[in-house]
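In: sequence? don't have it. structure:
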């Protein structure tokens, strides 16, 4: 947020912008979010963590108002309610493996561990990847600890 405040001169705005916190499963997904922001023509700043080998750890967009907010509607908000449970959806192939995007770009991989399965916000999104696979509901619990870590 500090980087966004500096980059977009937020203190000069007449309307107070909302702060929206989104989570990404890993750096690869954060890079995909960044690519999407570029495609949507949304200015943003990014932060690389020096203590984590310069891994991309955060993005912040310019203040977005009105209809432009629709571009981010597809992302799930981070719920900071302690132990909040959400239903997400995994794709289970007929051979018993789950779809996993992995660390190799967008090419699909498989895993036999639901913990590493790609999770989707809605069943329709999951089903779009493979028509003969089964969509499995998964309960996800976000644990909020010291300093807001999830």
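Out: Yep, it's here. Note that the structure is a prediction, hence the values are computed from the model and not measured.
In: Just list what the longest helix along the chain packs against, helices and strands only.
Out: The longest helix of the chain (DSSP state H) is helix 27-39. Judged by 3 or more CB pairs under 8 Å, 6 or more residues apart in numbering; DSSP states H and E, the packing partners of helix 27-39 are strand 44-49, strand 55-61. In this view, the C-beta of every residue, glycine as well, is placed from N, C-alpha and C.
In: Of those strands, flag the one that's most buried.
Out: Per residue and on average, the most neighbours among the helices and strands packed on helix 27-39 fall to strand 55-61, with a mean of 17 (mean count of other CB atoms under 10 Å).
In: nearest residue to the most centrally placed residue in the chain other than its sequence neighbours?
Out: Residue closest to the mean C-alpha point of the chain, counted by CA atoms, centre = their mean, is residue 24 at 3.3 Å. Spatial nearest neighbour of residue 24, chain neighbours left out: residue 30 (4.3 Å); criterion: CB to CB, 6 or more residues apart in numbering.
In: wait, that neighbour sits on residue 49?
Out: No - applying CB atoms under 8 Å, one finds residue 30 not in contact with residue 49, separated by 11.2 Å.
In: what's the overlap in contacts for the two?
Out: 56-57 (CB atoms under 8 Å, 6 or more residues apart in numbering).
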